[in-house]
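J.: Below is the sequence, then the predicted model.
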Amino acid sequence: MNDYLSRSSDLVGNLDSKEFTFSAWIYRDNSTSILYRNLESGNSGIEVNVNNSGLNINLRNSADGSVVAASIPAYEVAPIYTWTHLMMSIDATNPSKRYIYINDKNVTSSASWSAYNNSEIDFTKSSHYIASFNG
């Protein structure tokens, strides 16, 4: 599947921040699905994707450094061919203020956090992709 929304300009009122909330309904097939991406040149920005290994979250600052990087194992993540709700709220200033829910189940403790830095996440990008973008 390669159905997705794209926007070639930044979102109105979009600012870099240390806080991030993301909510999405996911219906996945066997392939890797990028749920949200706003990466441009370099690696700064945001990418949330799901594959057969699990859910991957990468939030980076304007210097291409990881602010938040986490992986959630496949057994906690959306099964294929089923609608699943994902919600996460992350505050980079305090690791005790990070939450990830899948179908209303708190899976935060299942996450493997490889980065968690008190730095602003680079939200201001001129391109945004939402849904099953595989590129």
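T.: All right, it came through fine. Every value quoted in this text rests on a predicted model; they were computed, and no experiment measured them. Numbers count the residues shown, from 1 in each chain.
J.: Over to the residue minimising distance to the centre of the chain: give its phi and psi.
T.: Centroid check for the chain by C-alpha atoms, centre = their mean gives residue 48 as the closest residue, at 2.7 Å. Backbone torsions of residue 48, given as degrees, to the nearest 10, read phi -120, psi 120.
J.: Pull up the gap between it and residue 17, please.
T.: Distance of residue 48 to residue 17, given as C-beta to C-beta, to the nearest Å: 16 Å. For glycine as for every other residue, the C-beta is placed from the backbone atoms N, C-alpha and C.
J.: now do residue 51
T.: Distance from residue 51 to residue 17, by C-beta to C-beta: 27 Å.
J.: can you check residue 26 too?
T.: With distances taken as C-beta to C-beta, residue 26 is found 24 Å from residue 17.
J.: which of these two has more neighbours?
T.: residue 26 (20 against 13; other C-beta atoms under 10 Å).
J.: what's the more buried one in contact with, if anything?
T.: By C-beta atoms under 8 Å, 6 or more residues apart in numbering, residue 26 lies in contact with 33, 35, 50, 78, 83, 84, 85, 86.
J.: That one bridge partners, please.
T.: Here residue 26 sits in beta bridges with residue 84, as judged by DSSP bridges.
J.: can you give me the strands for this structure?
T.: 4-7, 19-27, 33-37, 45-51, 54-60, 66-73, 83-91, 98-102, 105-106, 112-116, 128-133 (DSSP state E).
J.: Switch those over to a markdown table; also include distance to residue 122.
T.: Shown next, in a markdown table, are the strands of the chain (distance: least, C-beta to C-beta, whole Å):
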| stretch | distance to residue 122 |
| --- | --- |
| strand 4-7 | 16 |
| strand 19-27 | 11 |
| strand 33-37 | 12 |
| strand 45-51 | 5 |
| strand 54-60 | 6 |
| strand 66-73 | 8 |
| strand 83-91 | 14 |
| strand 98-102 | 18 |
| strand 105-106 | 27 |
| strand 112-116 | 14 |
| strand 128-133 | 13 |
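J.: As JSON lines, those with mean pLDDT would be great.
T.: Output for these, formatted as JSON lines (pLDDT from 0 to 100):
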{"stretch": "strand 4-7", "mean pLDDT": "62"}
{"stretch": "strand 19-27", "mean pLDDT": "83"}
{"stretch": "strand 33-37", "mean pLDDT": "76"}
{"stretch": "strand 45-51", "mean pLDDT": "81"}
{"stretch": "strand 54-60", "mean pLDDT": "84"}
{"stretch": "strand 66-73", "mean pLDDT": "84"}
{"stretch": "strand 83-91", "mean pLDDT": "89"}
{"stretch": "strand 98-102", "mean pLDDT": "92"}
{"stretch": "strand 105-106", "mean pLDDT": "94"}
{"stretch": "strand 112-116", "mean pLDDT": "83"}
{"stretch": "strand 128-133", "mean pLDDT": "64"}
